[in-house]
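Any chance you can model this:
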Amino acid sequence: MSRLSPFLRRAALPLLLTAAVVAAWAQDTLRPAIATPALAAQQLLAAGQFRQALAKVAEAEAVADRTPFENFVLDQLRGGAAAGAGDNEVAVRSFEAALRSGRLSAADSLPIIEGLVGTSVRLKDHSRTIEWGRRYVKEGGSKPQIRRALANALAQSGDTAGAVTELQALIAADEQAGRKPGEDLLRLLGASQLKLADNAGHLQTLERLLRHHPKPAYWRDRISALQSQPSFDSVLLVDSYRLLRAAGALEEGAEFVSIGELALLAGLPGEAQAVVDAGFAAGKLGAGADAAKHQNLRERAARAAAADARQLPAVPAPPASADGRSLVSLGLAYATSGRADAGITLLEQGIAKGGLPPRDLALARLRLAWLLATSATAERTAQAKPLFADLQTANGGLSGLGDLARLWLLHLDPPVGPR
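Below you'll find the predicted structure:
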């Protein structure tokens, strides 16, 4: 005998202590030899005398040639008495027999099924959890904890596709109701999709994690997946790292080095210096076998940034003949050297002037949106959102830009506390 799960005890007793059994007796024939001890058992149940009730049930069971209905009544009474007495095995077997009889209504079945699922979870009995979890769903049950138990059991038992189906239904129900899906559910869904080699589904789940539970690890996984796409345009590599930095998800020294080198190659030494200095401040650069390389990069970035600063007038005054490309380049130089306001204005002028090929125009708009999104004012951050939204489709032929723009929007619209 083992201690009965509280799930089963709570679910079963309210049903069995009502007049449901007596009402059923009025519809079928119950022989006196069984009816007398059965009624006594119900009265003992109501009084909380569970072991005495079990004895009365046993007395009724001694009657030979019992009918299916008589067994149905005794299964219910035995289950309730065993639940109260703490006899887990007997209670479970009895309730399962009553449920399989087909005589219980859905309303009467659901509380017992809930109890069986909870008990099966506690006992780590996956096959029982699956059986009764599926029955619960079929009967119209809607409690998410039961479907969650079913999904977990399916995953544990190796039915990965079944687990995905249940998890997707649970998560969609949460989202439709305005609730935040549990992080554990989303992680289980993602792991299950990977087992099925459903890469597209896994990426969608990662983005759901970013929407509901944004963490650096999820940002790193999603950006890494974007960068790893065979068609990903290499010109966007620095932009993908910029999002990673904005999300607070840069963790490896190599990532700080990559941004620094890419920014220097793009002629943006101010950005390179800022990123490398941040890597040193975070303890990600300047130590270990690559310490000398890190210091060399820091010095190169500082020299180039100082030279750039000397060449940029305090007040930008580009010639009237400057084309859109020149204005965009000058704007990026100003913005990444610490003069964001002037840089943003020049970028906007360059884009407005026109003449940029679709690819260059898309890059200019992306970088304007990046500067607006990382500015210190909520007004400018708000201005970035429609730019990113438009870049999801108006990508200038840059593979990966639409995904990158969508991820920026996820970053700019984090969840507002628990729901």
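
residues in contact with whichever strand or helix holds residue 223?
With secondary structure defined by DSSP states H and E, residue 223 is part of helix 216-228. The contact list for helix 216-228, computed with CB atoms under 8 Å, 6 or more residues apart in numbering, reads 203, 206-207, 209-210, 232, 237, 240-241, 243-244, 247-249, 251, 400, 403-404, 407, 411. For every residue, glycine as well, the C-beta is placed using N, CA and C.

Pull out the buried residues from those residues.
Listed as buried from the contacts of helix 216-228 are 203, 206-207, 209-210, 232, 237, 240-241, 243-244, 247, 249, 400, 403-404, 407, 411; burial here means 16 or more other CB atoms under 10 Å.

What count of nearby residues applies to residue 160?
As a burial measure, residue 160 scores 17 neighbours (other CB atoms under 10 Å).

My guess is it contacts residue 191. True?
No - using CB atoms under 8 Å, residue 160 is not in contact with residue 191, being 9.0 Å away.

Quickly list what's touching both of the two.
If you check residue 160 and residue 191 against CB under 8 Å, 6+ apart, no residue is contacted by both.

remind me which residues of the protein are low pLDDT?
Along the chain, segments meeting pLDDT under 70 span 1-28, 414-419.

Can you point out the buried residues in the helix or strand residue 107 falls within?
Taking DSSP H and E as the definition, one finds residue 107 inside helix 106-122. For helix 106-122, burial by neighbour count (16+ other CB under 10 Å) applies to 108-122.

Show the residue spans covered by the helices in the stretch 51-200 of the chain.
Using DSSP state H, counting those that start in this stretch, the helices found in the stretch 51-200 of the chain span residues 68-85, 88-100, 106-122, 126-138, 144-157, 160-176, 183-195, 199-212.

May I see the buried residues of the helix holding residue 223?
Result for helix 216-228 [16+ other CB under 10 Å]: buried residues 218, 219, 220, 221, 222, 223, 226, 227.

From the chain's centroid, how far away is the helix or strand following that helix?
Proceeding N to C from helix 216-228, the next assigned helix or strand is helix 237-246, under DSSP H and E. Computed by CA atoms, centre = their mean, to the nearest Å, the separation of helix 237-246 from the middle of its chain amounts to 23 Å.

Buried ones in the longest helix along the chain, by neighbour count?
As assigned by DSSP state H, the longest helix anywhere in the chain is helix 291-311. Within helix 291-311, the residues scored as buried using 16+ other CB under 10 Å are 294, 297, 298, 300, 301, 304, 305, 308.

Just put the residues you listed in JSON lines and tack on distance to residue 357.
Below are the buried residues of helix 291-311 laid out as JSON lines (distance: CB to CB, whole Å):
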{"residue": "294", "distance to residue 357": "37"}
{"residue": "297", "distance to residue 357": "32"}
{"residue": "298", "distance to residue 357": "35"}
{"residue": "300", "distance to residue 357": "31"}
{"residue": "301", "distance to residue 357": "30"}
{"residue": "304", "distance to residue 357": "27"}
{"residue": "305", "distance to residue 357": "29"}
{"residue": "308", "distance to residue 357": "26"}
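
Compute the distance between the nearest residue to residue 137 once chain neighbours are set aside and residue 195, please.
Spatial nearest neighbour of residue 137, excluding adjacent residues (CB to CB, 6 or more residues apart in numbering): residue 147 at 6.5 Å. When distance is defined by CB to CB, to the nearest Å, residue 147 is 20 Å away from residue 195.
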